[in-house]
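> sequence unavailable; structure follows:
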């Protein structure tokens, strides 16, 4: 007979779990003792929300569910934002929470809330384990649900008394499974539509960010020569230095890429997830849109594809590539003009020497400092638009941004997780002052764990995105300014190094030095968003509209 918590940990080991992030409580003590003698490392964080962000990021980077742990009540509720982050962002993650004894309890309702029901709308699967014998099935099903398409968050509650019970239950092995493939008639219909078009265009979304899919897409594009663009969370699936890349739809309309979209008469939408902000607005009668995804389309007022190819994405792309050959009537001349104009626009602002730094110059310098396989992890703020639009990714998962929940506070925890998953790569957190302060305590976690990383802290002493929105909507500037600590001293108080460049010219050499050496460096940089409303909402629409013509 084994103790239930030992069986639970053995089930986690059988699923390949290497790390658990979190903060245990007294209701987790049996589980904690079982972890102590296991192969799994417990990585103690300073807040459960950060633990959830770390677990979700591990899932995002590996395709295997990351795991986080908390106690009952307030510990569990601190995981709620991370649950939504993983669920909306399609990141496989398992949350384990404790609970008071369920067979007998002498503490009334102290700290007790219904965590399972709390998690129900935020997860793919949530269960309380009510007997030791059910552990193998519950753990296996939780991982299966978390990792199957579309991936997301799952939750298991292990009560204190159940964790200590004896059991002779045995683990359940994982089953062999393959995703269904798209039906041949749907492939043929989509292929005919693409072949008949004059100006076909590919859009690559988050669902295409799988290794096999990326390989099939590269072969598809190399064979057919059809230009492509990405959503924010589709960045890096294909090399954005590719001569057929037309940009990222960081905005929903009026950028250079949207002029190509307007000119396209057929858009092949590979792996788009409507959880992202719309990369473009569909307009009835304008063009055919082909939805290629693991599941059918979720139709709304701005997305209503006429053709759906449902099944494994990589296989569908392969089938389409086999069914198509380059067509002599395809005309990509206008798309070439869009690509050249976008590149010129990005390059023109990359040399802006003003200080405080502007978003475009910041992105250009970060791109110069980071290697092709290095990882940039973004928190959420106005700078995210500039990174999505201007930062060219060479490889998948080298720009981790969240365009689903778009929560603040995830930048630093996700960077810690990225370094744990990829200890051979440089990692950079890019955070605004607002988002950084929401989980800045995790600097201590990084220092304690001996993790090498760099934090780029963009300081405007405000919640800058909302100030920008106020400006754009002609509201007065109100309520968004904050007072910040001395961030250099703050970093040093944790045992990290702190820096504050005094000019734009100082920034890039300092960033390169910080990235290249071990330890933790925080670089505080003043950022200027004052011109962004004019650039994004007036200048770019005007310049891109000048390209508009019949292709």
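Nice, I can see it. Small disclaimer: the values here were computed from a predicted structure and weren't measured. Residues are numbered from 1 along each chain as shown.
> in contact with residue 177, which residues?
residue 148 (C-beta atoms under 8 Å, 6 or more residues apart in numbering). For glycine as for every other residue, the C-beta is placed from the backbone atoms N, C-alpha and C.
> ok, now the one 10 residues further on?
Residue 187 makes contact with 309, 316, 319, 320, 323, according to C-beta under 8 Å, 6+ apart.
> test my guess that the fourth one contacts residue 219.
No - contact status for residue 320 versus residue 219: not in contact, 10.8 Å apart, counting by C-beta atoms under 8 Å.
> next SSE after the lowest-mean-pLDDT helix or strand in the chain?
When the helices and strands of the chain are scored by mean pLDDT, DSSP states H and E, helix 464-472 comes last with a mean of 78. Using DSSP states H and E, the helix or strand that follows helix 464-472 in sequence is helix 487-493.
> can you name the next helix or strand after that next one?
Elements were assigned by DSSP H and E; along the chain past helix 487-493, the next helix or strand is strand 497-499.
> which residues does that following strand contact?
Here strand 497-499 makes contact (C-beta under 8 Å, 6+ apart) with 487-492, 510, 514, 519-524.
> please identify the buried residues of it?
Using 16 or more other C-beta atoms under 10 Å as the test for burial, strand 497-499 gives 498, 499.
> before we move on, back to that, which one of the contacts of strand 497-499 has the most neighbours?
When neighbours are taken as other C-beta atoms under 10 Å, the top entry among these is residue 522 (27 neighbours).
> the helix or strand where it lies pairs with which strands?
Residue 522 belongs to strand 520-526 when assigned by DSSP H and E. Under the criterion DSSP bridges, strand 520-526 sits next to strand 453-459 (parallel), strand 497-499 (parallel) in its sheet.
> just the ones in helices from the contacts of residue 187, please.
Mapping those onto helices (DSSP state H) picks out 316, 319, 320, 323.
> rewinding a little: would you mind finding the most buried of the strands paired with strand 520-526?
Mean neighbours per residue, mean count of other C-beta atoms under 10 Å, is largest over the strands paired with strand 520-526 for strand 453-459, with a mean of 26.
> chain center to it, what's the gap?
Here strand 453-459 shows a centroid-to-chain-centroid distance of 18 Å under the convention C-alpha atoms, centre = their mean, to the nearest Å.
> also stretch 242-252?
Here the centre of stretch 242-252 is set off from its chain's centre by 18 Å, with C-alpha atoms, centre = their mean.
> that stretch: end-to-end distance?
With C-alpha to C-alpha, to the nearest Å as the measure, the first residue of stretch 242-252 is 23 Å from its last.
> doesn't residue 88 make contact with residue 404?
Yes - judged on C-beta under 8 Å, residue 404 makes contact with residue 88 at a distance of 3.8 Å.
> residues shared between the contacts of those two?
residue 275.
> any chance of the contacts of residue 187 in a markdown table, plus neighbour count?
Putting these into a markdown table (neighbours: other C-beta atoms under 10 Å) gives the following:
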| residue | neighbour count |
| --- | --- |
| 309 | 25 |
| 316 | 26 |
| 319 | 23 |
| 320 | 23 |
| 323 | 15 |
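> got CSV for those, with pLDDT and distance to residue 477 too?
Listed next are these as CSV, based on pLDDT from 0 to 100; distance: C-beta to C-beta, whole Å:
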residue, pLDDT, distance to residue 477
309, 97, 48
316, 97, 49
319, 97, 54
320, 97, 50
323, 97, 56
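> could those go into a markdown table alongside distance to residue 147?
Shown next, in a markdown table, are the contacts of residue 187 (distance: C-beta to C-beta, whole Å):
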| residue | distance to residue 147 |
| --- | --- |
| 309 | 23 |
| 316 | 20 |
| 319 | 24 |
| 320 | 26 |
| 323 | 30 |
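> name the residues of stretch 87-101 that come out as buried.
Buried residues in stretch 87-101, counted by 16+ other C-beta under 10 Å: 87-100.
> whoops, I mixed them up, stretch 101-115
In stretch 101-115, the ones that count as buried by 16+ other C-beta under 10 Å are 111, 115.
> which residues touch it?
Under C-beta under 8 Å, 6+ apart, the answer for stretch 101-115 is 72-74, 76-77, 97, 99-100, 128, 130, 155, 157, 159-162.
> quick one, phi/psi of residue 201?
Backbone torsions for residue 201, taken as degrees, to the nearest 10, come to phi -150, psi 140.
> can you tell me how far the residue lying closest to it once chain neighbours are set aside sits from residue 295?
If the residues on either side of it in the chain are set aside, residue 201 comes closest to residue 264, at 3.9 Å by C-beta to C-beta, 6 or more residues apart in numbering. Taking C-beta to C-beta, to the nearest Å as the measure, residue 264 falls 24 Å from residue 295.
> neighbour-wise, which of those two wins?
Legend: neighbour count by other C-beta under 10 Å for residue 264 and residue 295, higher for residue 264 (28 against 13).
> check contacts around that one.
197, 199, 200, 201, 287.
> just the closest of those to residue 134, please.
residue 201 (50.0 Å; C-beta to C-beta).
> could you give the number of residues near the closest one?
24.
> what segments of the stretch 101-250 of the chain are helices?
In the stretch 101-250 of the chain, the segments counted as helices under DSSP state H, counting those that start in this stretch are 115-119, 135-147, 160-163, 184-196, 211-224.
> for the third one, packing partners?
If I follow you right, that is helix 160-163. Under the contact criterion of 3 or more C-beta pairs under 8 Å, 6 or more residues apart in numbering; DSSP states H and E, helix 160-163 touches helix 4-14, helix 29-36, strand 93-99.
> need these in a markdown table (columns: mean pLDDT).
Compiled in a markdown table, the helices and strands packed on helix 160-163 are given as follows (pLDDT from 0 to 100):
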| stretch | mean pLDDT |
| --- | --- |
| helix 4-14 | 97 |
| helix 29-36 | 97 |
| strand 93-99 | 97 |
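> packed most tightly, which of those would that be?
strand 93-99 comes out most buried of the helices and strands packed on helix 160-163 by mean count of other C-beta under 10 Å, with a mean of 29.
> need the strands paired with strand 520-526 in TSV (columns: mean pLDDT).
Below are these laid out as TSV (pLDDT from 0 to 100):
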stretch	mean pLDDT
strand 453-459	97
strand 497-499	98
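> which helix in this structure has the most residues?
The chain, longest helix under DSSP H: helix 333-349.
> quick one: residues in contact with that one.
199, 201, 227, 243, 245-247, 256-257, 259-260, 263, 358, 360-361, 364, 389-390, 535, 540, 543-544, 547, 549, 551.
> tell me which helix or strand comes right after that helix.
helix 359-369.
> nearest to residue 463, of the ones in helices among the contacts of residue 187?
residue 316 (41.8 Å).
> once you drop chain neighbours, what's closest to that closest one?
residue 182 (4.4 Å).
> doesn't residue 307 make contact with that neighbour?
No - Residue 182 is not in contact with residue 307 according to C-beta under 8 Å; the separation is 11.2 Å.
> more crowded one of these two?
residue 182 (22 against 19).
> what residues are up against the more buried one?
If a contact means C-beta under 8 Å, 6+ apart, then residue 182 has 292, 309, 310, 311, 312, 315, 316, 319 as its contacts.
> pull the most distant pair out of these.
310 and 319 (12.4 Å).
> let me see the contact set for residue 163.
Here residue 163 is in contact with 3, 4, 5, 8, 28, 30, 31, 98 (C-beta under 8 Å, 6+ apart).
> so what pLDDT did residue 549 get?
Residue 549 is assigned 52 on the pLDDT scale.
> how about residue 330?
Residue 330 carries a pLDDT value of 98.
> check which helix or strand it maps to.
Secondary structure assigned from DSSP H and E places residue 330 in neither a helix nor a strand.
> okay but it is in contact with residue 196, surely?
No - the criterion here is C-beta under 8 Å, and residue 330 misses it with residue 196 at 10.2 Å.
> so what's residue 331 closest to, chain neighbours aside?
residue 198 (5.4 Å).
> quick check, residue 116 in contact with residue 126.
Yes - taking contacts as C-beta under 8 Å, residue 116 lies within contact range of residue 126: 5.1 Å.
> what residues do these two have in common as contacts?
Shared contacts of residue 116 and residue 126, counting by C-beta under 8 Å, 6+ apart, come down to 155, 157.
> neighbour count winner among the two?
residue 126 (23 against 17).
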